[in-house]
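1. can't give you the sequence, but here's the structure:
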């Protein structure tokens with residue numbers, strides 16, 4: 001007795017997907033992408049058929065089945081850390097784009113972290129060069145103290161709450177604000193501390209000190225011009 005097959009579609013339906021030898025991680029996207037693009041999924045016919053589709057046409061049941069198969073292949077080629085990004089993708093094109101977005105975001109975050117680390121190291125070196133007398137804010141050394149304190153906050157990754165780039169309500173704002181405010185307060189001499197002791201935010205304290213200095217300069221200018 002012989003066993004017949006209706007078409008190549010039946011063999012496709014019975015085919016079991018197997019995990020790829022090249023698993024996508026957060027560090028090998030380019031090599032994984034090249035591997036997937038050159039891989040011959042079922043002789044290349046299935047992959048080529050869905051390549052370039054945003055979504056398969058709903059009237060084409062074969063295209064939908066092929067897309068489902070290729071999506072399964074893509075998911076099997078992902079490590080656990082990358083699979084989470086496409087776990088709920090319904091189409092191959094979705095998964096492909098979502099993975100690229102995830103890798104791009106991770107790369108940008110990594111570059112941002114390295115840039116912050118380089119700035120922190122350089123800022124710490126600058127802060128260490130400041131004479132001890134200018135590390136405490138008085139009525140007469142605002143300019144030197146301002147540069148010193150900015151470098152200190154940069155070296156501790158806390159400047160973001162002063163310049164406003166770390167939004168209030170973010171997951172890390174509360175602890176960063178607490179540490180930044182404490183750092184500013186500790187560096188103020190007794191005569192300057194009274195101007196910021198009611199401030200609840202480091203940014204608020206920073207600008208209260210700046211506003212006081214601006215007002216002082218205006219008074220001096222008026223005095224000199226009178």
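-> Everything's here; your move. If you're wondering where the values come from, they're calculated on a predicted model, not measured in any experiment.

2. Can you give me the buried ones in stretch 108-122?
-> By neighbour count on 16 or more other Cβ atoms under 10 Å, the buried set for stretch 108-122 is residue 120. Backbone N, C-alpha and C define where each C-beta goes, glycine included.

3. Stretch 144-164 too?
-> By neighbour count on 16+ other Cβ under 10 Å, the buried set for stretch 144-164 is 144-146, 148-162.

4. and this structure, what are its domains?
-> For the chain, the TED database gives the domain ranges 28-104, 109-225.

5. Lowest average pLDDT across the ones you listed?
-> Lowest mean pLDDT within the domains of the chain: domain 28-104, at a mean of 78.

6. end-to-end on it?
-> 12 Å (Cα to Cα, to the nearest Å).

7. which helix in this protein runs the most residues?
-> helix 92-128 (DSSP state H).

8. and that helix, what other elements does it pack with?
-> Judged by 3 or more Cβ pairs under 8 Å, 6 or more residues apart in numbering; DSSP states H and E, helix 92-128 is in contact with helix 29-38, helix 61-76, helix 142-155.

9. Work out which residue lies at the spatial centre of the protein.
-> The chain has residue 109 as the residue nearest its centroid, 3.6 Å off, counting by Cα atoms, centre = their mean.

10. ok, residue 123 - how many residues close by?
-> Here the number of neighbours of residue 123 (other Cβ atoms under 10 Å) works out to 19.

11. my read: it touches residue 158, true?
-> No - using Cβ atoms under 8 Å, residue 123 is not in contact with residue 158, being 10.7 Å away.

12. rewinding a little: so which of the helices and strands packed on helix 92-128 is nearest residue 178?
-> Residue 178 sits nearest to helix 142-155 of all the helices and strands packed on helix 92-128, at 13.0 Å, using Cβ to Cβ.

13. Could you look over the helices and strands packed on helix 92-128 and pick the most buried one?
-> helix 142-155 (a mean of 19; mean count of other Cβ atoms under 10 Å).

14. Now tell me what touches that helix from outside.
-> Defining contact as Cβ atoms under 8 Å, 6 or more residues apart in numbering, one finds that helix 142-155 is touched by 119-121, 123-124, 126-127, 130, 134-138, 159, 162, 180, 183-184, 187, 202, 209-210, 213.

15. now do stretch 121-133
-> Residues outside stretch 121-133 that contact it (Cβ under 8 Å, 6+ apart): 141, 144, 147, 148, 150, 151, 152, 154, 155.

16. Tell me the one of these nearest residue 87?
-> residue 154 (38.5 Å).

17. Distance of that closest one relative to residue 39?
-> Residue 154 sits 47 Å away from residue 39, going by Cβ to Cβ, to the nearest Å.

18. cool, and residue 103?
-> Counting by Cβ to Cβ, the gap from residue 103 to residue 39 is 18 Å.

19. about what we covered before: any chance of JSON lines for the helices and strands packed on helix 92-128, columns distance to residue 90?
-> Compiled in JSON lines, those are given as follows (distance: least, Cβ to Cβ, whole Å):
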{"stretch": "helix 29-38", "distance to residue 90": "19"}
{"stretch": "helix 61-76", "distance to residue 90": "8"}
{"stretch": "helix 142-155", "distance to residue 90": "45"}
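
20. wait, which of the ones you listed is closest to residue 170?
-> Across the helices and strands packed on helix 92-128, residue 170 has its closest neighbour in helix 142-155 (16.8 Å, Cβ to Cβ).

21. Please enumerate residues in contact with the helix or strand just after the closest one?
-> Once the chain leaves helix 142-155, the next helix or strand it forms, by DSSP states H and E, is helix 159-163. Contact with helix 159-163 is made by 150, 153, 166, 173, 176, 177, 180, 201, 202, 203, 206, as judged by Cβ under 8 Å, 6+ apart.
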